[in-house]
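Participant: Coordinates for the following, if possible.
(one chain, ligands or ions: 2)
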Amino acid sequence: MIYRFSLEDPIADRFVEAVRSQGLDCEVQTADRVVVRVFGYIDAQTEALAGRAADPPAPKPEGGDIWADFANAVSPVMIAGPCAVESTAQIAAVVEHLKKRKVRYIRGGAFKPRTSPDAFQGLGEQGLRIMAERARPAGLKIVTEVMDRSQIDTVYRHADVLQVGSRSMFNYTLLTALGAVDKPILLKRGMAATVDEWLQSAEYISRGGNDRIILCERGIRTFETNSRNTLDIAAIARARSQSGYPVIADPSHAAGRAELVEPLALAAVAAGADGLMVELHPDPRQALSDSAQALDFARFDALLAKLAAMRPGLEGTA
Ligand code: PEP
Ligand code: MN
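Facilitator: Ligands and ions are numbered 1, 2, ... in the order given. Next up, the predicted model:
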């Protein structure tokens, strides 16, 4: 979370002191303003110091706890689900499996940004309704993509976390509009974006008023074509330390192949990722999009077992 103070504001020092006294780390940058990036979730009193108390008492932003879930994660948070919502039966099967494994976040695109206009574009609002009808009663939180400003209201109604896809990272009007949303934003790195460009995109959301940002490294384009993308492990560590936002990894879109998802997921967690987003399908061969990279339930369970061995306490691994 980022807090800004004017250069003359004496509160900045007291704020930093209060943050550190809570056992949290922060980074202070002084240029035209004092910018304090806090790694973790400060208490309300400290937040009030930063001037937020001056605002009229606002209702606790919806999703605040979700963001804290990632920001304060002791062990990485798992988000799993299909590339795209395809049918009620598909989502029902995924929900049932995630419940069994005590995973609390489900993903699934309803508005799909596809490179080819001939490819399956998603079920749109109907997909969101399927997701909400099945996942909500099961207590799962929904992560789904918003591609355009015009979709924000619709996606907001059904989603707990609004995802900005790799192809939309440079859509500054979308990012600015998401600044006014009181739910967490999962900002994926553009496939050809530098870490700096990615963090500047986050800044667009943050300046709009929404600091509940979760960054997601999903692989970048390099000369290597052996895997779909190249998972940038250094970027996970850099984005975390430079922004103060939680950073998760999406090994599925990096790998492009199911058998590569596990090693990439383990590497991301070893590098400090606060969570993982993994594509999971009851029958990957039948998937209407990204079929080659989807894990089936058995492979997903194998991944959870590996993660449990590496990081005891990870969700779904109890
Ligand atoms: C997705 O996660 O559904 C997706 C389309 O991924 P990306 O934006 O990273 O390509
Ligand atoms: Mn996909």
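
Participant: List the residues that contact the residue of the stretch 201-318 of the chain found nearest ligand 2.
Facilitator: Among the residues of the stretch 201-318 of the chain, D290 lies closest to ligand 2, at 3.6 Å counting by CB to the ion. Quick note: C-beta positions are derived from backbone N, CA and C, even for glycine. Contacts of D290 were listed using CB atoms under 8 Å, 6 or more residues apart in numbering, and they are 83-84, 252-253, 279.

Participant: Who are the packing partners of the strand or helix carrying L98?
Facilitator: Using DSSP states H and E, L98 maps to helix 88-100. If you count contacts as 3 or more CB pairs under 8 Å, 6 or more residues apart in numbering; DSSP states H and E, helix 88-100 packs onto strand 77-81, strand 105-107, helix 125-135.

Participant: Including mean pLDDT and mean neighbour count, could the ones you listed go into a markdown table?
Facilitator: Below are those laid out as a markdown table (pLDDT from 0 to 100; neighbours: other CB atoms under 10 Å):
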| stretch | mean pLDDT | mean neighbour count |
| --- | --- | --- |
| strand 77-81 | 98 | 27 |
| strand 105-107 | 98 | 26 |
| helix 125-135 | 98 | 20 |
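
Participant: Between these, which one is closest to ligand 1.
Facilitator: Ligand 1 sits nearest to strand 105-107 of all the helices and strands packed on helix 88-100, at 6.9 Å, using CB to the nearest ligand atom.

Participant: what does this protein have sitting close to ligand 2?
Facilitator: Contact residues (CB under 5 Å from the ion) of the chain with ligand 2: 83, 290.

Participant: cutoff 8 Å now
Facilitator: 83-84, 109, 112, 252-253, 279, 289-290, 293 (CB under 8 Å from the ion).

Participant: so of those, which ones are in helices?
Facilitator: 252-253 (DSSP state H).

Participant: restrict the residues of the chain next to ligand 2 to those near ligand 1?
Facilitator: Restricting the residues of the chain next to ligand 2 to those touching ligand 1 (CB under 6 Å from any ligand atom) yields 83, 109, 253.

Participant: So which of these is surrounded by the most neighbours?
Facilitator: The most crowded member of those, judged by other CB atoms under 10 Å, is G109 (28 neighbours).

Participant: Pull the distance from the helix or strand where E47 lies to the chain's centre.
Facilitator: Assigned by DSSP H and E, E47 belongs to helix 44-49. Its chain's average C-alpha position is 25 Å from that of helix 44-49, according to CA atoms, centre = their mean, to the nearest Å.

Participant: same check, this time on stretch 34-48
Facilitator: 20 Å.

Participant: So which bits of that stretch are buried?
Facilitator: 34-42, 46-47 (16 or more other CB atoms under 10 Å).

Participant: For that stretch, which outside residues touch it?
Facilitator: Against stretch 34-48 from outside (CB under 8 Å, 6+ apart): 1-7, 9, 12, 15-16, 18-19, 22, 24-29, 53, 67-68, 71-72, 240, 242-244.

Participant: Now that stretch - C-alpha only, CSV.
Facilitator: Only the C-alpha atoms of stretch 34-48 are listed here, as CSV (Å, rounded to 0.1, in the frame of the first residue of the first chain):
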residue,chain,number,x,y,z
VAL,A,34,7.4,11.6,0.4
VAL,A,35,6.1,8.3,-0.9
VAL,A,36,5.9,5.5,1.7
ARG,A,37,5.4,2.0,0.5
VAL,A,38,4.2,-0.3,3.3
PHE,A,39,4.7,-4.0,3.0
GLY,A,40,1.7,-5.4,4.8
TYR,A,41,-1.5,-4.1,6.3
ILE,A,42,-1.4,-1.3,8.9
ASP,A,43,-4.0,-0.8,11.6
ALA,A,44,-6.7,1.8,11.3
GLN,A,45,-5.0,4.2,13.8
THR,A,46,-1.8,4.4,11.7
GLU,A,47,-3.9,4.7,8.5
ALA,A,48,-5.6,7.7,10.2
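
Participant: Quick check: residues of the stretch 101-250 of the chain near ligand 1?
Facilitator: Going by CB under 6 Å from any ligand atom, the residues of the stretch 101-250 of the chain near ligand 1 are 109, 113, 145, 165-167, 188, 218, 250.
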